[in-house]
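Trainee: quick one, structure for this:
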Amino acid sequence: MTGIWGIVNVTPDSFSDGGRYLEADRAVDHGLQLRADGATVLDIGGESTRPGAERVGPGAEQERVLPVIERLVAAGAPVSIDTVNASTAAAAIRAGARIVNDVSGGLADPEMLAVVAESSADYAIGHWRGFSSDMYARAEYHRPAREVAGELRERVGAAAAAGIAPSRLIVDPGIGFAKAGAQNWDVLRGLDEIIALGHRVLVGTSRKRFLAETLHRANADAEVSEARRDLATAVTSALAAQAGAWAVRVHDVCATRDALAIAHAWEG
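Mentor: Alright, predicted model coming up:
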């Protein structure tokens with residue numbers, strides 16, 4: 001069964017739920033609820049990667065995430081740290097995080113690969129072409145899935161050269177990162193190009209803009225609510241699982257858990 005990563009944003013400005021779980025107690029309660037709902041990993045982030053988001057220093061990031069990680073790990077939850085900062089990754093690993101989820105694939109911080117290599121943590125390599133402030137300026141592709149796969153292959157090679165064993169690697173096509181609406185669909189339709197790299201594949205479509213754009217085109221008169229985005233996320237997550245994704249990353253674990261269960265039953 002495809003794994004489900006539950007998102008815990010300990011931020012004031014994430015695009016979907018910014019501010020809801022900024023306080024540690026609320027973030028921990030939310031994480032525990034996601035775990036009860038069926039999350040196999042809790043992905044804890046302290047810096048928003050929404051388009052145009054302001055950068056956060058590693059010190060402030062760590063103040064947000066470390067107390068949450070420590071308490072969730074103490075409660076027995078498998079935890080991933082969502083960060084592009086090597087110092088935050090190192091601190092999170094010391095606090096018990098088992099996975100470093102780096103949306104930049106090691107491009108944002110030149111120390112990241114060495115930090116991960118020195119640990120026993122797994123490493124999720126995201127496809128990335130720059131920080132959120134101007135990433136859409138780099139959204140130029142001829143064959144999106146093939147180009148994304150090629151750039152991920154380069155980052156996998158860099159990780160291997162740094163001493164990270166292939167068995168520890170996860171690749172993520174970076175849906176929404178430096179990709180305009182239709183390009184995201186092209187990458188999802190070509191997910192076999194990513195899977196062919198031979199590593200575990202993580203797919204994160206949750207509540208992203210391209211889903212809202214698609215829903216708006218389907219019914220321009222209706223509000224594209226959070227609930228509608230979560231339903232669309234559950235559908236794309238189930239389709240990603242059928243295409244071979246190892247795990248999906250979502251805000252609403254329940255909806256995706258149910259969609260995966262139905263898709264699994266359909267397959268027999």
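
Trainee: for this structure, which spans come out with low pLDDT?
Mentor: Within the chain, the stretches with pLDDT under 70 are 13-19, 50-53, 133.

Trainee: what do you get if the cut-off is 80, keeping everything else the same?
Mentor: 12-22, 48-55, 132-137, 221 (pLDDT under 80).

Trainee: pretty sure Asn9 contacts Gly45?
Mentor: Yes: contact status for Asn9 versus Gly45: in contact at 5.5 Å, counting by C-beta atoms under 8 Å. C-beta here means a position set from N, CA and C on the backbone, and glycine is covered the same way.

Trainee: and those two? which has more neighbours close in?
Mentor: Between Asn9 and Gly45, Asn9 has the larger neighbour count (other C-beta atoms under 10 Å), namely 29 against 23.

Trainee: what values do phi and psi take at the more buried one?
Mentor: Phi and psi for Asn9, reported as degrees, to the nearest 10, are phi -90, psi 110.

Trainee: which stretches in the stretch 51-200 of the chain count as strands?
Mentor: Under the criterion DSSP state E, counting those that start in this stretch, the stretch 51-200 of the chain contains strands at 79-82, 99-102, 122-126, 169-172, 200-203.

Trainee: would you format these as TSV with mean neighbour count included?
Mentor: Converted to TSV, the strands of the stretch 51-200 of the chain look like this (neighbours: other C-beta atoms under 10 Å):
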stretch	mean neighbour count
strand 79-82	28
strand 99-102	27
strand 122-126	27
strand 169-172	24
strand 200-203	25
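
Trainee: for His216, which of the ones you listed is the nearest?
Mentor: strand 200-203 (22.1 Å; C-beta to C-beta).

Trainee: ok, Leu152 - contacts?
Mentor: 105, 125, 127, 171, 173, 194, 197 (C-beta atoms under 8 Å, 6 or more residues apart in numbering).

Trainee: quick one: it and Asp230, what's the gap?
Mentor: 27 Å (C-beta to C-beta, to the nearest Å).

Trainee: with adjacent residues omitted, what lies nearest to Val65?
Mentor: Using C-beta to C-beta, 6 or more residues apart in numbering and skipping the chain neighbours, the partner closest in space to Val65 is Gly46 (4.1 Å).
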